[in-house]
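Asks: Provided below for reference: sequence and predicted model.
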Amino acid sequence: MSNQSCVRLFQELRKLKEKALRYSYLTRFIPTRLQVKFDPALGSLCTPLRRQWNNTLHSTSLSLIRILTEHCDVCLNSFNRDISYLEAELRSICSSARFEQFNSEIDAGLTKLEYVLISRRNGKIGRLVFKQQHHRRRRFKRNVPTEAEPSAPQSTVINLSPCTLSDAENDLLSKRLNFCPTPPTVNQAELSQDLTDYYRRIRLREFFLDSSPMDPEPFYCKSKWVPPKNRVPSLETYVQVVSSQINSNDHSTHRTHDNLPREEREALKTLRARKDIIIKPADKGSAVVVMGRQQYIDEAMRQLNNQTNYKPLDTDPTGTLSKEIQQTLDEMHDRDNLSKKAHKFLSLVDCRTARFYLLPKIHKPDNPGRPIISGNGSPTENISLFVDSFLKPLMPQIPSYIHDTPDFLRKIAGIQKQVPNTAIIGTFDVTSLYTNISQDEGIAACSSALAKSGHTSPPI
């Protein structure tokens, strides 16, 4: 049979296996929306009626859960039969090597999907646990006596610099670094570009409304194609009305409401003009840290002068690295290890050197800085995303993997009977963990994990 038939069967088999995996996770974690909650419009109910009412709601919820579980089991049995039939048909019309390649691609996709489902499930369980704990704290919260002095709120601004901040500057920084002050005037160029992008999005939605869903490649350069206009008269009328209303407003005379008091607005101008301080978010927590510029530079040089982890260079190697990376990408594309879209996405354009900066660790003595390398625009930015897409699904398979705090608590509860009563839980910290990891050993560990997972393309 033709190659199109093989691809069609492969796509049907992949979608069916993904659907079966979703149904299997649905039976493991029943949605909380199936818990029926309804109160009659009779005011407060007496205790016997309330008890009888709640028991009825509970039994109804269990019945709905039982119906959903039975339906999922029936669907899973049907899916398994269809999967066996499609696998047999696909095996009969393609070679063994092609069949194994299809199976490897399906398994890789199922691994990624399973990682997403596990993350969602852990997130739901974490939110449920938090809601129950929050409800318990509210239920048993004791009232603080009125004569007791209220405790002072924890400061969100940590000033490590020798300079003194004014009250207005402290109040401004306490709004955190993601606070967005109201701009004094409307930027007409940005407004026009935003409207153009919005009109393009709604025209794209209309243009592909009747198209069948496709599985896009995970790595591709965003298209700038604009659909043709005047396809739907009502849509074009809406675009004209919105444009007319916005253009009819005189933004130069329209006064916007300022979300900062006058003192804090002046403090914003003062802080932006100062060259003797550095303002950074804390490494942990939500505090804003103010450091002296020279203090920040000294800490950075202290870490960079450690030639065990860093090596000084005479010239910037960005250009040389860019050429070597591009040559490797071209060779992988020529060997069909990279698709055309992935090759275009990973190809380098106008690269710059990665940036080094520090986040102060206010929870440690002497407030050392955590080194961060910002790779935005660097030669390895998109390559990091590409490699991470293959490594991220492997993380939950590591025995020491912990997703979050609720996941840790569940694992501790699971081994509670294996731990003697005299055991003491301890923790330890590794100084400069990532900078001390050998690159050769890290690459070898990643290659071994990919090989065990059955990864085939692109080659390791």
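Replies: All right, it came through fine.

Asks: C-alpha from now on. contacts and neighbour counts both.
Replies: Will do.

Asks: mean confidence for the lengthiest helix in the chain?
Replies: In the chain, taking DSSP state H as the definition, the longest helix is helix 47-93. When pLDDT is averaged over helix 47-93, the result is 81.

Asks: Same question for stretch 436-451.
Replies: 87.

Asks: buried set for that stretch?
Replies: 447, 449-450 (16 or more other Cα atoms under 10 Å).

Asks: what's the answer for stretch 62-71, then?
Replies: Residues 65, 68-69 are the ones in stretch 62-71 that count as buried (16+ other Cα under 10 Å).

Asks: Then stretch 348-357?
Replies: Buried residues in stretch 348-357, counted by 16+ other Cα under 10 Å: 348, 351.

Asks: thinking again about what came up before, I'd like to know which of the buried residues of stretch 62-71 is nearest to I202.
Replies: Of all the buried residues of stretch 62-71, I202 sits closest to L68, with 36.6 Å by Cα to Cα.

Asks: From T56, how far out is the closest one?
Replies: Going from L68 to T56 by Cα to Cα, to the nearest Å gives 18 Å.

Asks: Next, I158: secondary structure please.
Replies: Under DSSP: H, G, I helix; E, B strand; the rest coil, the three-state class of I158 is strand.

Asks: in which helix or strand would I find L358?
Replies: According to DSSP states H and E, L358 maps onto strand 355-360.

Asks: low pLDDT regions in this structure?
Replies: Low-confidence regions of the chain, defined here as pLDDT under 70, cover residues 1-2, 26-45, 124-126, 128-155, 212-216, 250-255, 460.

Asks: next one: the helix or strand hosting K15 to chain centre, how far?
Replies: Assigned by DSSP H and E, K15 belongs to helix 3-28. Distance of helix 3-28 from its chain centroid, counting by Cα atoms, centre = their mean, to the nearest Å, is 25 Å.

Asks: by contact count, what packs against it?
Replies: Counting by 3 or more Cα pairs under 8 Å, 6 or more residues apart in numbering; DSSP states H and E, the packing neighbours recorded for helix 3-28 are helix 47-93, helix 96-139.

Asks: buried sites along it?
Replies: Within helix 3-28, the residues scored as buried using 16+ other Cα under 10 Å are 6, 9-10, 13-14, 16-18, 20-24, 26-27.

Asks: Nearest to L338, out of those residues: which one, please.
Replies: F10 (20.0 Å).

Asks: Excluding chain neighbours, what is closest to the closest one?
Replies: Nearest residue to F10, sequence neighbours excluded (Cα to Cα, 6 or more residues apart in numbering): F102, at 6.7 Å.

Asks: So the one you found versus L13, what's the distance?
Replies: Applying Cα to Cα, the value for F102 to L13 is 10 Å.

Asks: Please apply the same query to I443.
Replies: The gap separating I443 from L13 is 34 Å, by Cα to Cα.

Asks: Check N305 too.
Replies: Separation of N305 from L13 (Cα to Cα) stands at 56 Å.

Asks: same deal with L260?
Replies: Distance of L260 to L13, computed by Cα to Cα: 57 Å.

Asks: secondary structure element for S234?
Replies: If you go by DSSP H and E, S234 is part of helix 233-248.

Asks: next one: D194
Replies: Counting by DSSP H and E, D194 is part of helix 188-207.

Asks: how about that helix: buried residues?
Replies: 199-200, 203.

Asks: so how far is it from its chain's centroid?
Replies: 26 Å.

Asks: Next: stretch 223-242.
Replies: Using Cα atoms, centre = their mean, the offset of stretch 223-242 from its chain centre is 32 Å.

Asks: Straight-line length of that stretch, end to end?
Replies: With Cα to Cα as the measure, stretch 223-242 spans 25 Å from end to end.

Asks: for it, which positions count as buried?
Replies: Neighbour count says stretch 223-242 has 227, 235, 239 buried, by 16+ other Cα under 10 Å.

Asks: what's the answer for stretch 291-304, then?
Replies: By 16+ other Cα under 10 Å, the buried positions in stretch 291-304 come out as 291-292, 296, 299-300, 303-304.

Asks: what's the answer for stretch 337-348, then?
Replies: Within stretch 337-348, the residues scored as buried using 16+ other Cα under 10 Å are 337-339, 342-348.

Asks: could those go into CSV alongside distance to T270?
Replies: Conversion of the buried residues of stretch 337-348 to CSV gives the following (distance: Cα to Cα, whole Å):
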residue, distance to T270
N337, 54
L338, 51
S339, 52
A342, 46
H343, 47
K344, 45
F345, 42
L346, 42
S347, 42
L348, 39
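
Asks: Show me which pair in the residues you listed is furthest apart.
Replies: By the measure Cα to Cα, N337 and L348 form the most distant pair in these, at 17.6 Å.

Asks: Could you report the neighbour count for the residue nearest to Y357 when sequence neighbours are not counted?
Replies: Counting by Cα to Cα, 6+ apart, Y357 lies nearest to I372, which is 5.4 Å off, once chain neighbours are set aside. By the criterion of other Cα atoms under 10 Å, I372 has 11 neighbours.

Asks: ok, now T182?
Replies: Residue neighbour count, defined by other Cα under 10 Å, stands at 12 for T182.

Asks: How about the secondary structure of it?
Replies: Here T182 is coil, with the state taken from three-state DSSP.

Asks: tell me what the longest helix of the chain is packed against?
Replies: Using 3+ Cα pairs under 8 Å, 6+ apart, helix 47-93 sits against helix 3-28.

Asks: any idea of the angle the helix it packs on forms with helix 47-93?
Replies: Following axes from the mean of the first three to the mean of the last three Cα atoms, to 10 degrees, one obtains 160 degrees for the angle between helix 3-28 and helix 47-93.

Asks: For the remainder of this discussion, apply numbering that starts at 51.
Replies: Sounds good: first residue 51 from here, last item helix 53-78.

Asks: Among the buried residues of stretch 341-354, which one sits closest to L435?
Replies: Taking Cα to Cα as the measure, L435 sits nearest to L354 out of the buried residues of stretch 341-354, at 26.1 Å.

Asks: quick one, what contacts that closest one?
Replies: L354 makes contacts with Y360, as judged by Cα atoms under 8 Å, 6 or more residues apart in numbering.

Asks: separation between it and G425?
Replies: 17 Å.

Asks: cool, and I448?
Replies: Distance, I448 to G425, using Cα to Cα: 27 Å.

Asks: Compare these two (neighbour count), which wins?
Replies: Under the criterion of other Cα under 10 Å, the comparison of I448 against G425 puts G425 first, with 17 against 9.

Asks: Quick one: residues contacting the residue lying closest to the more buried one once chain neighbours are set aside.
Replies: Spatial nearest neighbour of G425, excluding adjacent residues (Cα to Cα, 6+ apart): A404 at 4.8 Å. A404 makes contact with 423-428, according to Cα under 8 Å, 6+ apart.

Asks: And A404, how far from S424?
Replies: Taking Cα to Cα, one finds A404 at 6 Å from S424.

Asks: so the residue nearest to Y407 makes contact with A350?
Replies: No: counting by Cα atoms under 8 Å, I422 stays clear of A350, with 10.6 Å between them.
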